[in-house]
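[1] model the structure of this input:
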Amino acid sequence: MRLIVTGGAGYIGSHIVCELNARTEHEVVVVDSMEKGSEVNLFPKNEFIKGDIADDAILRKVFSKNVDAVFHFAAWKGAGESMLLPEKYSINNLNGTLKLLTAMSENNCKNFIFSSSAAVYGAPVYLPIDEKHPLNQENYYGYTKVAIEENLKWYDKLKGIKYAALRYFNAAGYDTKGRIRGLERTPANLLPIIMETASGMRESFEIFGEDYETPDGTCIRDYIHVSDLALAHLLSLDYIVANQSSITINLGSENGYSVKEITSMAETVVGRSIPHKIGPRRPGDPAKLLASSAKARELLNWKPVFSDSKTLIESMRNVYPRG
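    Predicted coordinates for the structure are as follows:
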């Protein structure tokens, strides 16, 4: 199969490319504007097209040969930023993805793997969160994911494009075999921020609130290792091709770690304390978020194997500079 991976030089996209490369039957083409991607994450065996998916000339080049499937990771993902710059997210996440889907339709490409997010759910009404949970996104980024999911239903119905919409919880970690070395640029998530502090790239980090109704007072989150995510993407492609049926599924570990538990494990892995301070709560942060991944287990026969806190942090420690 000839596969396109948009955003394939970025954090998650490069891990997908890495796993796809291990399947010798696939020809993988990376498309990335390199605004967030890293040249370190490119593999010599893959064709690389530098450019934006909203550029008609780039899309013509991408689809100049037959394409069997598209893995789509070329989206902005800053929840806070999306509330300040919604137009940026409209242009890229919405317009860019719709142009990509239109190009797929025009070129008879019928398989689409979409990087969605647990941000579609907003604050939990119940836990664990399954795919039937109400969609009540609390930021514009989450809205863009819901909007694309809704469009995918129509492209399936009208154009026959089968899709897998994969709703990630907190992606973290790095390839355990050390094949991906490019660091995320301007990360906003807890684990890379902790590791940047441990490596001396930041002076300290802040824990937002320690008075939540959790065992240690700090927020609990579901972390999923990026290599576990990558496998789920490959299994999702297999599923939609074999069954000619679209799916929407959660991808989480179903285990929760508090901010203090993650901090403690990071300090154990690096062998010293990591500077941090306790600050006030952030508006809109729920005390606990946990996924139900039962549907992924049932449909894909998937389960995470790298998503324990020690493996998550050790795999990151091997990539970040030693501070």
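
[2] tell me which residues touch Leu101, please.
    Applying Cβ atoms under 8 Å, 6 or more residues apart in numbering to Leu101 gives the contacts 112, 151-152, 155, 161. Glycine gets a C-beta too; all of them are placed from N, C-alpha and C.

[3] the residues you listed in helices, which ones?
    Judged by DSSP state H, the contacts of Leu101 include 151-152, 155 as members of helices.

[4] out of these, who's nearest His225?
    Among the ones in helices among the contacts of Leu101, Leu152 lies closest to His225 (Cβ to Cβ), at 25.8 Å.

[5] can you report how many residues lie near that closest one?
    Residues lying near Leu152 (other Cβ atoms under 10 Å) number 22.

[6] tell me the spacing between it and Thr97.
    Going from Leu152 to Thr97 by Cβ to Cβ, to the nearest Å gives 9 Å.

[7] give the other helices and strands that the lowest-mean-pLDDT helix or strand in the chain contacts.
    The weakest-scoring helix or strand in the chain, judged by mean pLDDT, DSSP states H and E, is helix 79-84 (a mean of 92). Under the contact criterion of 3 or more Cβ pairs under 8 Å, 6 or more residues apart in numbering; DSSP states H and E, helix 79-84 touches helix 86-89, helix 140-159.

[8] confirm for me that Ser116 is in contact with Lys145.
    Yes: if you go by Cβ atoms under 8 Å, Ser116 and Lys145 touch, sitting 4.8 Å apart.

[9] returning to that earlier point: highest neighbour count among the contacts of Leu101?
    Taking other Cβ under 10 Å as the neighbour criterion, Phe112 ranks highest of the contacts of Leu101 with 26 neighbours.

[10] what separates it from Lys153, distance-wise?
    In terms of Cβ to Cβ, Phe112 sits 12 Å off from Lys153.

[11] now swap in Thr263 and tell me
    Distance from Thr263 to Lys153, by Cβ to Cβ: 41 Å.

[12] how about the helices in this structure?
    Going by DSSP H, the chain shows helices at 11-21, 56-62, 79-84, 86-89, 97-106, 140-159, 190-198, 226-243, 259-270, 294-300, 309-317.

[13] buried set for the fourth one?
    Going by neighbour count (16 or more other Cβ atoms under 10 Å), the buried part of helix 86-89 is 86, 89.

[14] could you pull up the mean pLDDT of it?
    The average pLDDT within helix 86-89 is 96.

[15] mind checking how far it is from the chain centre?
    19 Å (Cα atoms, centre = their mean, to the nearest Å).

[16] what packs against that helix?
    Short answer (3+ Cβ pairs under 8 Å, 6+ apart): helix 86-89 packs on helix 79-84, helix 140-159.

[17] compare these and give me the one nearest Tyr257.
    helix 79-84 (19.8 Å).

[18] what are the C-alpha coordinates of that closest one, in CSV please?
    Written as CSV, here are the backbone C-alpha positions of helix 79-84 (Å, rounded to 0.1, in the frame of the first residue of the first chain):
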residue,chain,number,x,y,z
ALA,A,79,-6.0,24.0,23.7
GLY,A,80,-5.2,27.4,25.3
GLU,A,81,-3.8,28.8,22.1
SER,A,82,-7.0,27.8,20.2
MET,A,83,-9.0,30.1,22.5
LEU,A,84,-6.8,33.1,21.6
